[in-house]
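Visitor: next come a sequence and a model predicted from it.
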Amino acid sequence: MPKTLILYTAIAAVTNVPAGAQTQTQTQIQAQAQAQAQATAPIVVSGTVADDASKAALLARLRAVYGADRIVDQLAVGRVSMPANWNDHVGKLIGPNLKLISRGQLQVDGTSVSLRGDVASEAQRTQIASDIALALDPGYTVNNGLRVAASEQGMLDAALANRIIEFESGQATLTDSGKAILDQMSVALLRLKDKRVEVIGHTDNAGSRAGNLSLSQARAEAVKAYVVGRGVRPDMVAVSGEGPDRPVADNRTPEGRARNRRIEFKVVQ
């Protein structure tokens with residue numbers, strides 16, 4: 001399995017593939033913080049880079065962009081295969097404009113760069129993709145999947161208010177407190193009328209990835225069943241489970257693991 005280097009604003013991930021596993025290096029940067037928390041959210045950096053110089057350069061760039069106090073270093077040094085000038089290219093990708101993206105992901109697979117997430121305006125969407133394209137060599141391609149944030153998404157975010165919908169430990173059974181939050185979310189979902197929403201389940205990294213993917217899917221299904229029981233149309237709710245793959249906090253602490261065990265509501269456009 002590839003070793004993953006993760007940078008969080010709440011999240012960013014850079015994947016360096018171990019030597020012999022693949023010929024390409026993947027870089028993922030995900031930013032997933034509520035707008036009001038984004039300016040102070042910790043940036044957790046984990047995974048594997050090729051040498052101490054690469055680690056120092058990456059950390060220095062992150063601290064310059066986000067501030068030293070926000071960086072949580074979990075980087076390791078090991079055997080990984082990286083394309084030529086990887087440090088330079090990643091350094092150019094980590095710029096202030098990434099802080100404009102919320103609920104998003106920047107993925108670099110070899111020389112292919114993909115952006116997704118929410119921005120405040122069409123001008124921001126175009127400018128961010130243009131800046132990244134200009135910063136890279138001509139051989140790189142940029143797929144701009146950024147979208148202008150919908151006001152409906154803001155309404156869902158405000159209804160959830162950074163709360164965690166809780167389940168019984170290791171199960172897809174909602175607790176009473178989880179049901180109480182979903183009662184409020186059902187009201188917000190009904191206000192969306194014809195907007196489709198994706199319910200996304202997430203877990204911490206305890207246990208196997210396969211087990212966590214299955215659990216996150218089951219929990220998302222349980223949330224859908226509950227809100228449908230409160231009057232939300234089933235055809236307007238999609239579900240997915242991402243297991244431990246998109247954390248928003250440090251899995252090394254109980255508090256971080258609790259935050260990562262969450263349900264996300266995303267307006268589908």
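Guide: Cool, got the structure.
Visitor: contacts only, for residue 172.
Guide: For residue 172, the contact set (C-beta atoms under 8 Å, 6 or more residues apart in numbering) comprises 215, 218, 219, 221, 222. C-beta here means a position set from N, CA and C on the backbone, and glycine is covered the same way.
Visitor: closest to residue 187 out of the residues you listed?
Guide: Using C-beta to C-beta, residue 222 is the member of those that sits closest to residue 187, with 18.7 Å.
Visitor: ok, now which ones touch that closest one?
Guide: Residue 222 sits next to 167, 172, 173, 174 when contact means C-beta under 8 Å, 6+ apart.
Visitor: among the residues you listed, which ones are buried?
Guide: Burial by neighbour count, 16 or more other C-beta atoms under 10 Å: within these this picks out 167, 172, 174.
Visitor: any idea how far residue 183 is from the residue of the chain positioned farthest from its centre?
Guide: What lies farthest from the middle of the chain is residue 231; by C-alpha atoms, centre = their mean that is 29.5 Å. Look at residue 231 and residue 183: by C-beta to C-beta, to the nearest Å, they are 11 Å apart.
Visitor: repeat that for residue 113.
Guide: For residue 113, the distance to residue 183 (C-beta to C-beta) stands at 42 Å.
Visitor: and these two? Which one has more around it.
Guide: residue 113 (23 against 12; other C-beta atoms under 10 Å).
Visitor: before we move on, the earlier item: tell me the one among the contacts of residue 222 nearest to residue 152.
Guide: Residue 152 has its nearest neighbour among these in residue 174, at 24.0 Å by C-beta to C-beta.
Visitor: the closest one contacts residue 180, doesn't it?
Guide: No. Counting by C-beta atoms under 8 Å, residue 174 stays clear of residue 180, with 9.6 Å between them.
Visitor: which neighbours do the two share?
Guide: Between them, residue 174 and residue 180 share no contacting residue under C-beta under 8 Å, 6+ apart.
Visitor: before we move on, the earlier item: for the residue farthest from the centre of the chain, which non-adjacent residue is spatially closest?
Guide: In this structure, residue 231 finds its nearest non-sequential neighbour in residue 190, 6.1 Å apart by C-beta to C-beta, 6 or more residues apart in numbering.
Visitor: quick one: low-confidence ranges for the protein?
Guide: Residues of the chain meeting the criterion pLDDT under 70: 1-41, 44, 46-47, 103-104, 106, 108-110, 150, 269.
Visitor: C-alpha coordinates for the longest helix along it, PDB please?
Guide: Looking across the chain with DSSP state H, the single longest helix is helix 209-229. Listed next in PDB are the C-alpha coordinates belonging to helix 209-229 (Å, rounded to 0.1, in the frame of the first residue of the first chain):
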ATOM      1  CA  ARG A 209      -9.400   0.100   6.500                       C
ATOM      2  CA  ALA A 210     -11.900  -2.400   4.900                       C
ATOM      3  CA  GLY A 211     -13.800  -2.700   8.100                       C
ATOM      4  CA  ASN A 212     -13.900   1.100   8.500                       C
ATOM      5  CA  LEU A 213     -15.100   1.600   4.900                       C
ATOM      6  CA  SER A 214     -17.900  -0.800   5.600                       C
ATOM      7  CA  LEU A 215     -18.800   0.800   8.900                       C
ATOM      8  CA  SER A 216     -18.800   4.300   7.400                       C
ATOM      9  CA  GLN A 217     -21.100   3.200   4.600                       C
ATOM     10  CA  ALA A 218     -23.500   1.500   7.000                       C
ATOM     11  CA  ARG A 219     -23.600   4.700   9.200                       C
ATOM     12  CA  ALA A 220     -24.300   6.900   6.200                       C
ATOM     13  CA  GLU A 221     -27.200   4.500   5.200                       C
ATOM     14  CA  ALA A 222     -28.500   4.700   8.800                       C
ATOM     15  CA  VAL A 223     -28.500   8.500   8.600                       C
ATOM     16  CA  LYS A 224     -30.400   8.400   5.300                       C
ATOM     17  CA  ALA A 225     -33.000   6.000   6.700                       C
ATOM     18  CA  TYR A 226     -33.500   8.300   9.700                       C
ATOM     19  CA  VAL A 227     -34.000  11.500   7.700                       C
ATOM     20  CA  VAL A 228     -36.200   9.700   5.200                       C
ATOM     21  CA  GLY A 229     -38.300   8.700   8.200                       C
END
